[in-house]
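Asker: Sequence and computational prediction follow.
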Amino acid sequence: AATLLRIAHANLDRLAPHGERYGVTADRSDAPAEQGSDARDRDPGLQLLHDLRDLHLRYAEASLNYVILGQGAQAARDRELLEATSKCHEQTLRGMKWTVTRIKTAAPQVLSS
């Protein structure tokens, strides 16, 4: 989780200068945050699946946001913003692939036990 937080904050830092040019400030409240754990009340396997699903949905939302931002950058002919957005989007797509792989690995084990 700490690595994912670091990546999310790095992406915000990468995009912040471009936002400033357009009068937009980075809102870190949308960045993934460490959550209080109610995992003690759940089966660890089910908690893992829940967390992976939640993480995948966050990646999917970020991916759509990067697509929208990239389209705006193209329309504004802002090459620097488009490059920054593309790099952030690539990381997000890798994260989505990772979560799917982990879910495919964990789900059969958790659900059949």
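Answerer: Right, received. Where do you want to start? Residues are numbered from 1 along each chain as shown.
Asker: Contacts only, for residue 92.
Answerer: Residue 92 makes contact with 59, 62, 63, 66, according to Cβ atoms under 8 Å, 6 or more residues apart in numbering. Placement of C-beta: from N, CA and C, glycine included.
Asker: Let me know the closest of these to residue 96.
Answerer: Nearest to residue 96, judged by Cβ to Cβ, of these is residue 59 at 4.5 Å.
Asker: Can you give me the pLDDT of the residue nearest the centre of the chain?
Answerer: The residue lying closest to the centre of the chain (Cα atoms, centre = their mean) is residue 59, at 3.5 Å. On pLDDT, residue 59 comes in at 94.
Asker: wouldn't it be in contact with residue 91 here?
Answerer: No - the criterion here is Cβ atoms under 8 Å, and residue 59 misses it with residue 91 at 9.4 Å.
Asker: Which strands and helices lie in contact with the lowest-mean-pLDDT helix or strand in the chain?
Answerer: When each helix and strand of the chain is scored by mean pLDDT, DSSP states H and E, helix 2-21 comes last, with a mean of 78. Applying 3 or more Cβ pairs under 8 Å, 6 or more residues apart in numbering; DSSP states H and E, we find helix 2-21 packed against helix 44-75, helix 79-111.
Asker: nearest to residue 15, of those helices?
Answerer: helix 79-111 (5.7 Å).
Asker: Work out the gap between the closest one and the centre of the chain.
Answerer: Centre-to-centre, helix 79-111 and its host chain are 8 Å apart (Cα atoms, centre = their mean, to the nearest Å).
Asker: Now do the buried residues in that helix.
Answerer: Neighbour-count burial for helix 79-111 flags 81-82, 84-85, 88-89, 91-92, 95-96, 99, 102-103, 110 (criterion: 16 or more other Cβ atoms under 10 Å).
Asker: Could you measure from residue 65 over to residue 92?
Answerer: Here residue 65 is placed at a distance of 9 Å from residue 92 (Cβ to Cβ, to the nearest Å).
Asker: now do residue 110
Answerer: On the measure of Cβ to Cβ, residue 110 and residue 92 end up 25 Å apart.
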